[in-house]
Each structure stands twice: as C-alpha cells, then as structure tokens.
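A.B. asks: Okay, structure incoming, though there's no sequence with it:
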Ligand SMILES: [Zn+2]
C-alpha cells in the first residue's frame, strides 16, 4: 500500500484496525459524553431535592415590581428547574420571615406564583394551620357576598397591620407546582390569605383595600391596643 498521498494514508488509517479504533473512539466518546451529561443532571436533581435553597430578598412597598401585573407561566416554564427552585426558595423565604404567604412579585419575580402555609407562625400566632399550598396562575372564580373585616399585615409593608374587608369564602382555580389543574374552596383565614396573595399578582397591596386608614397600626401598637379586642 502506498502511503505517499493523503488519500492513501487515510485509506490505510481507516482500514482494518485503524477503522475499528476510529469507530471505538467515537463510540466510547459518545458514551463518556452521555455519562458526563447524566452526572450533570443527577447533580442538578440532587441539589434540587436536597435543599440548597436560598432566602430571597423581599421587595418593599415603593418597589415598582409590587405594582405590576405578574406574567402567567407556560407548562414548560412550570416544569423548568428555574421555576421549581424559585418555588422552593419562596417557601424557604416565607418560613424564614414568619409569613403565612408569599407571592413571587414580593421576591422581585413578576410571575404568577404564590405559596401559602401556616403552622405556628410567630407573626400570626392566631392563624389556624394551613398545609403548604403552591398556586400557579391562580384565578378567584367565586367570591362570597358575605364579607368580614380582619387585620392583615404583609412582608412587603414592614411592621404595619390594618383592617381589610374580605369575602369570607372563595373558590380558586389554579395549577399546582406540577402544572396540574386544581380547585380550592376556602373559607375563614385561608380565604383571606388567598385573596391577599392573589392581589399581589395584580399589583394590589392590602393598604389599597382598606376602607379607613385611621386604624393602620404598627405591630407593637396593634398588639397593645387592638389584638385582644
Ligand atoms: Zn402581602
């Protein structure tokens, strides 16, 4: 076999052992690449499962993000690692600051995501237990005509408490964190929490809903003068 031209050298390399070696390098290269890829996915998934959660910075009143209408999420966005981690971080942030609910605009993400949970909160010691509830693209499809006044506060409004009239029961049509359609019938404290948090997705804070700003109180004064009413 002549090896003095490029064509003949290539034929020599690709014939016999050369061809097998060439094939094997390619084959094992692909396997190695995929193992690396799988390992990367496994690491991401492990990090997702095992916490690695972050406490997010809470947007305060005056930040324009609290006044925007939040964007709805597509099925693809809901399933993304980014949104799933954001949900975990929102839960972690809500627990860290003793809230009973948090909407994504409150952590600078103008997205239609809400987390609600109440289990022995110090900020809302009188609140009944609500299991962790995740809402995506929620819509209130029913409001009871009956309304009741109740004291509300908000992580974005500092240490204030104010009286807000709310429907005593609501129905919410929403997606859960897996993107599955769910309907929630709620009354009492849970209904108030749902109305408060879904307001955030529409750029509304509880101060906008107050009929009279005269009872707006700091937390200490609320506890001293109003809480035992
Ligand atoms: Zn709030």
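C.D. replies: Structure received. None of the values given here were measured: they were computed from a predicted structure. Numbering: from 1, shown residues only.
A.B. asks: what's the closest non-adjacent residue to residue 119?
C.D. replies: Spatial nearest neighbour of residue 119, chain neighbours left out: residue 129 (5.3 Å); criterion: Cβ to Cβ, 6 or more residues apart in numbering. In short, each C-beta sits where N, CA and C put it, glycine included.
A.B. asks: I'd say that neighbour and residue 116 touch.
C.D. replies: No. Here residue 129 does not reach residue 116: they are 11.5 Å apart, not a contact under Cβ atoms under 8 Å.
A.B. asks: Looking at the two, which has the bigger crowd around it?
C.D. replies: Higher neighbour count among residue 129 and residue 116: residue 116, with 24 against 11, using other Cβ atoms under 10 Å.
A.B. asks: So the more buried one sits against residue 101, correct?
C.D. replies: Yes. Look at residue 116 against residue 101 with Cβ under 8 Å: they come within range, at 4.3 Å.
A.B. asks: Spit out the residues that contact those two alike.
C.D. replies: 193, 197 (Cβ atoms under 8 Å, 6 or more residues apart in numbering).
A.B. asks: For the helix or strand where residue 148 lies, the averaged confidence score.
C.D. replies: Using DSSP states H and E, residue 148 sits in strand 147-152. Averaging pLDDT along strand 147-152 yields 97.
A.B. asks: Show me which residues of the next helix or strand after it are buried.
C.D. replies: Reading on from strand 147-152 to the C-terminus, the next helix or strand found by DSSP H and E is strand 160-167. Residues of strand 160-167 classed as buried by neighbour count (16 or more other Cβ atoms under 10 Å): 160, 161, 162, 163, 164, 166, 167.
A.B. asks: and what of stretch 213-229?
C.D. replies: 217, 222.
A.B. asks: same thing with stretch 197-209?
C.D. replies: For stretch 197-209, by 16+ other Cβ under 10 Å, it's 197, 198, 199, 200, 201, 203, 204, 205, 206, 209.
A.B. asks: and which of those is nearest residue 140?
C.D. replies: Comparing the buried residues of stretch 197-209 against residue 140 with Cβ to Cβ places residue 198 closest, at 6.0 Å.
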